[in-house]
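K.L.:
What shape does this take:
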Amino acid sequence: MVRLALAAVLLGLPGVAGAAPRWTFCVAASRDAAEVWISEVFPAGEAREKLESAFKAAAERLGATGADAQCPEPRDDRTVAINAQIDAEAFNRKMGATLHAVPASGFPGRR
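P.N.:
Okay, here's the model as predicted:
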């Protein structure tokens, strides 16, 4: 009976053992928005504030002086995050910005 109760409890906790990653990307724009740095999509293991700070530092190492960095709220579905990143790239291209790729491995604070 105890084993049955324990099994029921464990089956009721599907996310505890192996929580699925949540996905995001980061964008940093120069003050005049003429240049934009954008990361690839990556699994987000840190708080957004930490990711944004780390991404800002990485973008500044690549020449983004005083850039404003933002990382959208992580999403459960990687495909949704990829589509959002593609939309962000398309929007910034349409606005005439010069885009710079920043690999997620290029900044700390991510899983």
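K.L.:
As a check, name the ranges of all strands in the protein.
P.N.:
23-24, 27-29, 35-39, 42-43, 68-70, 98-102 (DSSP state E).
K.L.:
my guess is Ala20 meets Asp77, correct?
P.N.:
No: Ala20 lies out of contact with Asp77 (Cβ atoms under 8 Å); the separation is 9.5 Å. The C-beta positions use only the backbone N, C-alpha and C, and glycine is treated the same way.
K.L.:
what's around the closest residue to Gly96 other than its chain neighbours, how many residues?
P.N.:
Counting by Cβ to Cβ, 6 or more residues apart in numbering, Gly96 lies nearest to Ala34, which is 7.5 Å off, once chain neighbours are set aside. The tally of other residues near Ala34 (other Cβ atoms under 10 Å) stands at 11.
K.L.:
Quick one, grab the pLDDT at Ala34.
P.N.:
Ala34 is assigned a predicted lDDT (pLDDT) of 92.
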